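Engineer: let's see this in three dimensions:
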Amino acid sequence: MADAELWKLSAQEAAAAIDARLEFVGSWTDHEAGAPAASTSDVIFSGIGTDTRQPLHGQLFIALKGEVHDAHAHIKAAIESGAIGLLIHRDLTNEERLFIAEKCKRALAVIHCDDTLLALQKLAQHWRRQRRALVLGITGTNGKTSTKEFAAAILSSQFNTHWSKGSFNNHWGVPFTLLSLNEAHEVAIVEMGMNHLGELKRLSEIVEADVVVCTMVGRGHLEGVGSVEGVAQAKAEIYKYAPANSTFIFNLDNEHTAKMMADFVPLVPSGQPGRRSITFAERRNGNEAGDVSFSVDEATDQSLRLSGSIRGVPGEAVVPVFGRHNVVNLMAASALALAAGMTPEKIWAALPRCQTAWGRNQWVDLQSGARALFDAYNANPESMQAALENFATLTVGRRFAVLGEMRELGEATGELHREMARKVALGPWEAVYFVGPSADVVKAELQKSGFRKSIVVSNTYENFIASELRAMLRPGDLVLLKGSRGVALEKFLADLHPSKPISKQS
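Structural biologist: From the prediction side, this is the model:
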C-alpha cells in the first residue's frame with residue numbers, strides 16, 4: 001500500500017464515490033459506557049487491504065468474494081488486524097456487531113454496497129481521477145510485464161514512478177494498482193491482461209489511461225477467444241476504449257498491432273489535428289522504421305548491446321537482460337518514456353537500468369556449478385519459441401530443457417504442444433523434461449521427430465524428476481526452465497538446489 005502519510009481517503013468520500021450506504025458502528029466511549037453504537041463525523045483511512053494475515057492498521061478492509069473464497073468470513077480477523085473500515089456487500093451479523101462493540105476503540109466505518117468487486121473498481125476509477133499522475137496502460141500477448149518493468153526503470157530515473165510489483169493485471173489487480181497511487185507519484189504504469197473479449201474494455205474504463213500500448217499479439221489465451229484473430233480483437237480494446245485524448249503507441253513489426261494503427265489512427269487531411277501516436281519497430285539493415293527503432297548488435301548470456309534511434313536521436317546502450325526478443329519490450333518501454341515526456345537523450349542514458357523480473361529470463365546459479373535460466377512466469381507458443389531460440393545461441397556447456405505446459409490454449413492445445421516438441425527436437429539438448437497434461441503428446445512427438453536423447457515427462461511435478469536431473473549436472477551445464485505460471489516450475493528449480501535462496505513471487 002502507498003505511504004500512509006501521502007495516502008488519505010475518508011469514509012464519506014469512499015461511500016459517495018461508489019454510491020454506497022455508510023454507517024458508523026461502535027466507539028471507545030460506547031464500549032466504556034456500555035452504550036449503543038454512536039455516529040461520528042467521519043473516519044480517515046490510510047490505505048486499503050484484503051488480506052487479514054497482514055497488518056491492516058488504519059485501513060479499509062475490502063471483503064472480496066471469489067469463486068471459492070468469500071472474505072466476508074474474515075470480518076472479525078480484519079478488525080483484529082487493525083482495520084478501521086469495512087467495505088461489504090452483506091449486512092453485519094449480530095455476532096459481528098457485538099464483536100465490534102467489544103473490540104473497537106474507535107468508531108468503525110462500514111460501507112454497504114451491492115458487490116464489493118464492482119465497488120473496488122468504482123473506487124479505483126474515482127481515486128485515479130483525483131491523482132495527478134500520468135497513467136500508462138500496457139497490454140500484449142507477450143512482453144507486457146517485462147515492458148512494465150523496463151518502463152519503470154527508465155521513467156524512475158526522472159519521475160516519481162508507481163507500478164505494480166508482480167503481475168497485477170486483472171479485474172481486481174488493476175484497481176489495487178490504481179488505489180496504491182499517492183499524491184507524490186508523477187507517473188503510473190498499469191499492466192492490463194485479458195482472457196476473454198470485453199475484459200480490456202472494462203479495465204480501460206477503470207484506468208482511463210493517458211498513454212496505451214499493445215506490445216504484440218500472438219497465440220495466447222486461445223481458450224477464451226478461439227483464435228489469434230480473437231486475441232487481436234480483444235487486445236484492440238485497449239485502443240478502442242481509451243480516452244479521446246490519449247496517446248497511442250504501436251508495434252509496427254507485428255501484423256496485428258500494425259493493423260490496429262491503421263484502424264485507430266486514420267489519416268487526417270494535412271494541417272488538421274489528429275490523435276497523437278508513437279511507433280516502434282526493429283532497425284533492419286540500417287533502416288529505422290519507427291519513432292523508436294533498435295537493433296541488437298550483440299547478445300550474450302548477460303546482456304544485449306543495442307543501437308538505433310529514438311525520435312531521430314542516435315544512440316547505443318548495453319542492457320543487462322538476456323534474450324534477443326527483449327528488444328521489442330525495450331522499444332515499447334522507450335516509447336512509453338517518450339510519451340511521458342522524457343527526452344531521447346535521457347532515455348538512452350536510462351536503458352542500462354533495465355533488468356528482468358522474477359521468473360523472466362532470470363539466471364540462477366546452482367550448487368552443482370551449473371546455471372539455470374528461469375523463465376517460467378508465463379508461456380505460450382511465441383514466448384516458448386523465443387526461449388528455445390535464445391537458449392540455443394549459448395554454446396558453452398551441456399544444455400538441458402525443463403519445459404512446462406502452455407496453458408489456456410483451448411482446442412489448439414494438442415497441436416501447439418506437438419509444434420513445440422518438433423522445435424525442441426531440433427535443439428542441442430542433452431535431455432528434455434516436460435511437466436503437464438500434454439506430457440504424452442510431447443513425448444510422442446519428440447520421438448516421432450527423431451529426438452534420441454533422454455526424455456522424461458510427467459503429468460504433474462514430482463520432486464524425484466528434478467533429483468534425477470540434479471545428479472547429472474556438473475559445472476558449466478545450462479538448464480532452461482520454461483512453462484506457464486500454473487505449472488509452478490519454481491518447485492523444479494528449488495529441487496535443483498540454487499546456491500542462494502530465490503525470492504518468491506505471488
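Engineer: helices of the stretch 351-500 of the chain, residue ranges please.
Structural biologist: With DSSP state H, counting those that start in this stretch applied, the stretch 351-500 of the chain shows helices at 381-392, 413-425, 439-448, 463-472, 490-494, listed in chain order.
Engineer: relative to Ile84, which of the ones you listed is closest?
Structural biologist: Among those, the nearest to Ile84 by CB to CB is helix 490-494 (36.6 Å). The way it works is simple: take the backbone N, C-alpha and C, and place the C-beta from them, glycine included.
Engineer: what sits up against that closest one?
Structural biologist: Here helix 490-494 makes contact (CB atoms under 8 Å, 6 or more residues apart in numbering) with 359, 364, 372, 374, 376, 402, 433, 435, 461, 463, 465-466, 481, 502, 504.
Engineer: run the chain-centre distance for it.
Structural biologist: Taking the mean of its C-alpha atoms, helix 490-494 sits 21 Å from the chain's own mean (CA atoms, centre = their mean, to the nearest Å).
Engineer: for the helices of the stretch 351-500 of the chain, give me JSON lines that also has mean pLDDT and mean neighbour count.
Structural biologist: Shown next, in JSON lines, are the helices of the stretch 351-500 of the chain (pLDDT from 0 to 100; neighbours: other CB atoms under 10 Å):
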{"stretch": "helix 381-392", "mean pLDDT": "92", "mean neighbour count": "20"}
{"stretch": "helix 413-425", "mean pLDDT": "96", "mean neighbour count": "19"}
{"stretch": "helix 439-448", "mean pLDDT": "97", "mean neighbour count": "17"}
{"stretch": "helix 463-472", "mean pLDDT": "94", "mean neighbour count": "15"}
{"stretch": "helix 490-494", "mean pLDDT": "95", "mean neighbour count": "19"}
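Engineer: quick one: closest of those to Ala14.
Structural biologist: Among the helices of the stretch 351-500 of the chain, helix 490-494 comes nearest to Ala14, with 37.3 Å by CB to CB.
Engineer: I figured Gly436 hits Lys482, correct?
Structural biologist: No - look at Gly436 against Lys482 with CB atoms under 8 Å: they stay out of range, at 11.6 Å.
Engineer: find the residues that touch each one of those two.
Structural biologist: Joint contacts of Gly436 and Lys482 (CB under 8 Å, 6+ apart) are Gly404.
Engineer: separate out the buried members of the contacts of helix 490-494.
Structural biologist: Burial by neighbour count, judged by 16 or more other CB atoms under 10 Å, picks out 359, 364, 372, 374, 376, 402, 433, 435, 461, 465-466, 481, 502 from the contacts of helix 490-494.
Engineer: go through the residues you listed and name the one nearest Glu80.
Structural biologist: Ile502 (32.9 Å).
Engineer: dig out what the residue nearest to the closest one when sequence neighbours are not counted forms beta bridges with.
Structural biologist: Distances taken as CB to CB, 6 or more residues apart in numbering place Val364 nearest to Ile502, at 6.2 Å, with adjacent residues excluded. Assessed by DSSP bridges, Val364 has beta-bridge partners Ala372.
Engineer: quick one, what contacts Val364?
Structural biologist: Residues counted as contacts of Val364 (CB under 8 Å, 6+ apart) are Arg371, Ala372, Leu373, Phe374, Leu493, Pro498, Ile502.
Engineer: give me that answer again for 10 Å
Structural biologist: Contacts for Val364 (CB atoms under 10 Å, 6 or more residues apart in numbering) come out as 370-374, 479, 481, 493, 496, 498-500, 502.
Engineer: roughly how far does Met384 sit from Arg407?
Structural biologist: As judged by CB to CB, to the nearest Å, Met384 and Arg407 stand 12 Å apart.
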